[in-house]
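**Q** got a structure for you, letters missing:
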């Protein structure tokens, strides 16, 4: 079984919010809930970087650890999912989550939040895959159809990678090798510079096509 | 010249070695210094380069430091509107999780179970603390109607909030095996809603307790002596006390301080509509949970001694009167004051009637006992 992982390459992300839009559309997520968001650091300044962030499907997930009703479970692929029929909307997962992934439909008084909603790695939730009920509660189950998360599939610059952690790591390692060790070779000029790639003797597919 | 120098520098040296001696004495060091300079000087620019290189930040490190907010609050933007939606890594989540999972849950369980075990042991050894002199049949007014109403208002609310809170803290470990996931989900949802709806009333209960029970709860030297005698809880160690004893006073101040802490933190948690972030919420939860388990543990002792633990104690909070012998054995100084005021040995209803007409104002040993008769 694959161990599913997200990875956002900050040298490539251009803050187009295509991943956010793809996610919202695919799962018909209501207003106020954002399973994925793009955060830009030092916007408009030197060293500006953007990265897309959502549930990172932790191996040791804090949300699972603190949930008072134990509504989370991890699939064989390492995807962290939860059961909305069990969730009581206490918000503990949001306090514990490092990434701010858990979202709540309402934020009213007397601690009312509604059932938690978060990124499912396009793997739906409990119940029959892509049944009307599952789609309504958790969105589409693309993994069950043999597809990967739509946010990463739609990413124009392939900054956002999703899939088997080993493959994702291989792709990113190759990119880092192009750019130079220790992350010193950063910036779009390096991330996309074909000349550098040719010189490194590690020509990728894109570099090969140009020749 | 050489003569003069050689004599002054090394006067014991023979003259025939004058030049050599002069070279050895005067030039060796400067020559060595020059040699060292010639060898080292070309390296200086390289050293400067290395030093400079050390100051060039690794962009990856700089970015990660910003993400982790190690250099101050994060300077970031996002299109998503929400509290802390621009924060990439929540700084308190893991610490809060560690506190809840490794401190609050186990320590709270040990504290509560330990308190219960202690009370069980105490009951086994001491049993119900009896009225040594039996019942005298003479009644002394102790708590007014207002005091009793407020006490039971606070008590019922407290027990409800404690039970619902413990359901949320320990239900996952205790109740899921009993009720199943769905059954416990319904229970926990009800507990959460009940806790969140009735919780905000608790501050009013604490305030009312302060108003009606503060009088007479100031600590005195006699309370220290009471503590040294373990409150007379052990056999044959009678401890003297006024209207309230040291234990009761401690409990009052605990109720006040814990009540304020738990109310403030609870309101922060319950009304998350003022844009408070996760740091504030996590801190409020730490205070709320930590205080709650101590509060509940202390309340177990209070509940035990006020009900089955001591003969004649419960009636002070039920119908408001205690037996004169109970007062003599547990609040001797207060009884003396009540006797002096002629408040001992009256029929409850008759007393109400008499006081309603006479409107006696009683100034006792810090005693609010007369409020019982204001009607």
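**A** Received the coordinates, thanks. Everything numeric here is computed off the predicted structure, so don't read it as measured data.

**Q** just checking, what's the longest helix in chain A?
**A** Looking across chain A with DSSP state H, the single longest helix is helix A:165-179.

**Q** ok, is that one in contact with chain B or not?
**A** No. No part of helix A:165-179 sits near chain B under the criterion C-beta under 8 Å from any C-beta of the partner chain; the closest distance found is 9.6 Å. For the C-beta atoms, the positions are set from N, CA and C on the backbone; glycine is no exception.

**Q** what packs against that helix?
**A** Here helix A:165-179 touches strand A:4-8, strand A:160-164, helix A:188-192, helix A:194-200, going by 3 or more C-beta pairs under 8 Å, 6 or more residues apart in numbering or on different chains; DSSP states H and E.

**Q** Give me the mean pLDDT for that helix.
**A** The average pLDDT for helix A:165-179 rounds to 87.

**Q** Least confident of the helices and strands packed on helix A:165-179, on average?
**A** helix A:194-200 (a mean of 52).

**Q** Give me the buried positions along the longest helix of chain A.
**A** In terms of neighbour count (16 or more other C-beta atoms under 10 Å in any protein chain shown), helix A:165-179 has its buried residues at A:165, A:168, A:171, A:175, A:176, A:178, A:179.

**Q** Closest one to residue B:270 out of those, please.
**A** Among the buried residues of helix A:165-179, residue A:165 lies closest to residue B:270 (C-beta to C-beta), at 39.8 Å.

**Q** what bridges to the closest residue to the closest one other than its chain neighbours?
**A** Nearest residue to residue A:165 in three dimensions, chain neighbours excluded: residue A:5, at 3.8 Å (C-beta to C-beta, 6 or more residues apart in numbering or on different chains). When bridges are called by DSSP bridges, residue A:5 pairs up with residue A:163.

**Q** tell me what the helix or strand harbouring residue B:163 is packed against?
**A** Using DSSP states H and E, residue B:163 sits within helix B:145-174. Counting contacts by 3+ C-beta pairs under 8 Å, 6+ apart, helix B:145-174 is packed against helix B:105-126, helix B:176-198, helix B:202-213, helix B:278-306, helix B:315-318.

**Q** just the ones you listed: most buried one?
**A** Neighbour counts (mean count of other C-beta atoms under 10 Å in any protein chain shown) averaged over each of these peak at helix B:278-306, with a mean of 19.

**Q** just the angle between that helix and helix B:105-126, please?
**A** 10 degrees (axes from the mean of the first three to the mean of the last three C-alpha atoms, to 10 degrees).

**Q** Could you report the neighbour count for residue A:85?
**A** As a burial measure, residue A:85 scores 16 neighbours (other C-beta atoms under 10 Å in any protein chain shown).

**Q** How about residue B:161?
**A** Using other C-beta under 10 Å, residue B:161 has 23 neighbouring residues.

**Q** my read: it touches residue B:197, true?
**A** No. The pair residue B:161 / residue B:197 is not scored as a contact, 10.6 Å apart, by C-beta atoms under 8 Å.

**Q** what does the stretch 151-300 of chain B have sitting close to chain A?
**A** The stretch 151-300 of chain B comes close to chain A at residues B:168-169, B:171-172, B:176, B:181-182, B:184-185, B:188-189, B:192-193, B:196-197, B:200, B:269-273, B:278, B:281-282, B:285, as judged by C-beta under 8 Å from any C-beta.

**Q** Residue B:132 touches residue B:329, doesn't it?
**A** Yes. The criterion here is C-beta under 8 Å, and residue B:132 meets it with residue B:329 at 5.9 Å.

**Q** Compare the two (neighbour count), which wins?
**A** Comparing residue B:132 with residue B:329 by other C-beta under 10 Å, the one with more neighbours is residue B:329, at 20 against 12.

**Q** which regions of the stretch 51-200 of chain B lie under the pLDDT threshold?
**A** B:51-59 (pLDDT under 70).

**Q** Show me the chain divided up by domain.
**A** Looking at chain A here, since you left the chain open. Listed by automatic domain parsing, the domain ranges of chain A are A:4-154, A:165-204.

**Q** my bad, chain B
**A** B:2-56, B:94-373.

**Q** winner for burial among these?
**A** Highest mean neighbour count of these: domain B:94-373, a mean of 17 (counted as mean count of other C-beta under 10 Å).

**Q** Run the chain-centre distance for it.
**A** Here the centre of domain B:94-373 is set off from its chain's centre by 17 Å, with C-alpha atoms, centre = their mean, to the nearest Å.

**Q** And stretch A:143-155, by the same measure?
**A** Centre-to-centre, stretch A:143-155 and its host chain are 11 Å apart (C-alpha atoms, centre = their mean).

**Q** what does stretch B:89-105 give?
**A** Distance of stretch B:89-105 from the chain centroid (C-alpha atoms, centre = their mean) equals 17 Å.

**Q** Please list the outside residues in contact with that stretch.
**A** With contact meaning C-beta atoms under 8 Å, 6 or more residues apart in numbering or on different chains, stretch B:89-105 is reached by A:62, A:65-66, A:92, A:95-100, B:67-69, B:84, B:169-170, B:173, B:278-279, B:282-283, B:285-286, B:289-290, B:293.

**Q** give me that answer again for 6 Å
**A** A:62, A:65-66, A:95-98, B:67-69, B:278-279, B:282, B:286, B:289 (C-beta atoms under 6 Å, 6 or more residues apart in numbering or on different chains).

**Q** With stretch B:269-277 instead?
**A** Residues from elsewhere that reach stretch B:269-277 (C-beta under 6 Å, 6+ apart): A:109, A:110, A:111, B:83, B:84, B:196, B:199, B:284.
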